[in-house]
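K.L.:
Take this sequence and fold it.
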Amino acid sequence: MPFPDFEPSLPVMLRTLAERYGPRELLVVGDRRVRYAQAEAGSAELARGLLAEGIGKGTRVGLLLPNGPEWVLAWLAAARIGALVVPINTFSRARELGFVLRHADVDTLLTASRFLSHDYLALLEECAPELAEGAREPLRLTSLPYLRRVRVFGACDRPWAREGPGRLRRLSAETPGADARLLRSVEDCVTPADLLTLVYTSGSAADPKGVLLSHGSVVRHAHNLVPARGLRDGDRVYSGMPFFWVGGSVYSLLGAMQVGGCLLTHEVFEAGAALELLERERASVALGWPLFAKAMAEHPSFPTRDLSRLRAGNLFQILPEPLRPADRELRHNSLGMTETCGPHTFSDMSVDLPEELRGSFGKAVPGVEHRIVDPETGEPLPPGASGEICVRGYSLMQGLYKVEREDSFDAEGFYHTGDLGRFDAEGNLFFQGRGGDMIKSGGANVAPREIEVVLESFPEVRHACVVGLPDAARGQAIAAVVALREGMPASPEELRARLRGELSTYKLPRHLLVLDAAELPFLDTGKIDRRLLRERLASRLAHGEA
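P.N.:
Numbers count the residues shown, from 1 in each chain. All right, here's what the predicted structure looks like:
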């Protein structure tokens, strides 16, 4: 297995790559650029400030920042002193933000003041009302009992928070002993076995689940994926995926760094701006979700863009014609999840598959092992038989936060993914769908129950059911059906408007229907028959009824 030639921890990786590639560009976000040497020096300065604040190994540090130099420097700073970094979805609403901060036991929050239409300081006061009632540092809030401090990147007008980067830099310069020697000594105590990050991903229940990843698994996996993606020395890698998910931070950012490459990204994906960035910065690799490629290929400026320097990536629709796979359905060439630190299979896209075999398929990434088992009994199944995909190996998470290990893994160390698949005779793994009700929309996992819980909290709603429907652009579209209580009317438009205040944009139903309770199909158990509901919804949509 081609592991890196340095100890797989973030402090050692960063120092090694800064020595090798110091003058090279590491990151381009719009017009802002960061070189490897600048990333090392800038994150070291912030790291010494964090140490001066009393933050150290194991401290839960929340990161609520958009893609940009600030996110990268803050993430590296916290990681290199052994803190457990908790990236937070920048599209979070107050309820979602409050859940992550409380569940993750966040001690220190590094946050933007605003991003797009999101006022994060107001959101914090909404999920922790004590803040607006005169709270001061060190914070002691019953709603967020472990939160002690908030550091703001941007304008800060709240008495309970303090300005972030400037304060940390001053502390690093003015605090006795918070110098380079202390930082190096602290870094020497960070090992590959130490936890690096706690990433939240939608689970099959209402609340997200926290995935614990170690330094060793993250650094090794980012390095081990390099040949599978065809990365070369000095590649300029485009990715529009957000850093708060492993697709942006591990798969894209750390992957590019392994070859001394430069990551090209933006705070928010927009097809025209993405095409301009790809052309201007002479991108050689393009990574992302299929919907990005579709949006760019259909943009009016696409025919005029010179993307001839692209030679690799999975955004097939924008690659030069000779590099596009024969399969016009643009099948995925990998299968991955947060629990495995990203892709755990890769395939040869030159293989011409028959129609019935198209889909995510491939061999396991070296060092990763799969097993197909009967979902009911857990017994292994032979090649050709469909069952639940189980996985174990070096890139697998250390566990789920606040979930006991025996409830996360079986006796042999396999993680049961809930996904369905099968092996062929050659050992290729074929992904056949999700065993649960998880919706994969636009590259994001969405738990139906989370949306249902919010809908059912509305006084008018008696029943709510959320399902995924096939969608050419997004993979699956989120569809919600509600039955109202007698005498309490509400229109789909009213319900959508209220959902916008509770859920991230990508979780909002694309289709929302209000039906009579008698129109809902129920099983003998009293639960809604989701399979039949999907069929009925698909039929209604085909006739333009939703």
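
K.L.:
Wait, L198 touches A104, no?
P.N.:
Yes: L198 lies in contact with A104 (CB atoms under 8 Å); the separation is 5.6 Å. Placement of C-beta: from N, CA and C, glycine included.

K.L.:
Mind listing the shared neighbours of these two?
P.N.:
Each of 60, 86, 210, 401 lies in contact with both L198 and A104 under the rule CB atoms under 8 Å, 6 or more residues apart in numbering.

K.L.:
Distance of the first one relative to R149?
P.N.:
Yep, that's R60 we're talking about. For R60, the distance to R149 equals 12 Å [CB to CB, to the nearest Å].

K.L.:
When those two are compared, which one has more neighbours?
P.N.:
R60 (21 against 18; other CB atoms under 10 Å).

K.L.:
picking that back up, which one's more surrounded, L198 and A104?
P.N.:
L198 (24 against 20).

K.L.:
now the helix or strand hosting the more buried one: mean pLDDT?
P.N.:
Per DSSP states H and E, L198 falls inside strand 195-201. Averaging pLDDT along strand 195-201 gives 96.

K.L.:
what comes into contact with it?
P.N.:
Taking contacts as CB under 8 Å, 6+ apart, the residues outside strand 195-201 that touch it are 10, 58, 60, 79, 84-89, 100, 103-104, 208-215, 218, 244-246, 249, 337-339, 398, 401, 445.

K.L.:
Repeat the analysis, applying 7 Å as the threshold.
P.N.:
10, 79, 84-87, 100, 104, 208-215, 218, 246, 338, 398, 401, 445 (CB atoms under 7 Å, 6 or more residues apart in numbering).

K.L.:
what lines up beside the very next helix or strand once past it in the sheet?
P.N.:
The helix or strand immediately downstream of strand 195-201 is strand 209-214, counting by DSSP H and E. Taking DSSP bridges as the criterion, strand 209-214 sits next to strand 195-201 (antiparallel), strand 399-400 (antiparallel) in its sheet.

K.L.:
re the thing from before, would you mind listing which of the contacts of strand 195-201 are buried?
P.N.:
Buried by 16 or more other CB atoms under 10 Å: 10, 79, 84-87, 100, 104, 208-215, 218, 246, 338, 398, 401, 445, out of the contacts of strand 195-201.

K.L.:
List the contacts of stretch 503-510.
P.N.:
So stretch 503-510 is contacted by 89, 91-93, 96, 441-442, 444, 446, 450-451, 454, 466, 477-480, 496, 499-500 (CB under 7 Å, 6+ apart).

K.L.:
Now, those residues that are in helices?
P.N.:
96, 450-451, 454, 496, 499-500 (DSSP state H).

K.L.:
and the longest helix along the chain, which residues are buried?
P.N.:
Criterion DSSP H: the longest helix present in the chain is helix 36-52. Applying a neighbour-count criterion of 16+ other CB under 10 Å, the buried positions in helix 36-52 are 36-40, 42-52.

K.L.:
Stretch 6-20 now?
P.N.:
Buried, per 16+ other CB under 10 Å, within stretch 6-20: 8-15, 17-18.

K.L.:
got it, and stretch 191-206?
P.N.:
By 16+ other CB under 10 Å, the buried positions in stretch 191-206 come out as 191-192, 194-203.

K.L.:
try stretch 126-140
P.N.:
Applying 16+ other CB under 10 Å to stretch 126-140 flags 126-128, 131, 135, 139 as buried.

K.L.:
just stretch 523-534 next, same as before
P.N.:
Result for stretch 523-534 [16+ other CB under 10 Å]: buried residues 528-530, 533-534.

K.L.:
do the same with stretch 481-498
P.N.:
For stretch 481-498, a neighbour-count test (16+ other CB under 10 Å) marks 481-484, 490, 495, 498 as buried.

K.L.:
ok, residues contacting that stretch?
P.N.:
With contact meaning CB under 7 Å, 6+ apart, stretch 481-498 is reached by 455, 458-465, 508, 512-517, 520, 533.
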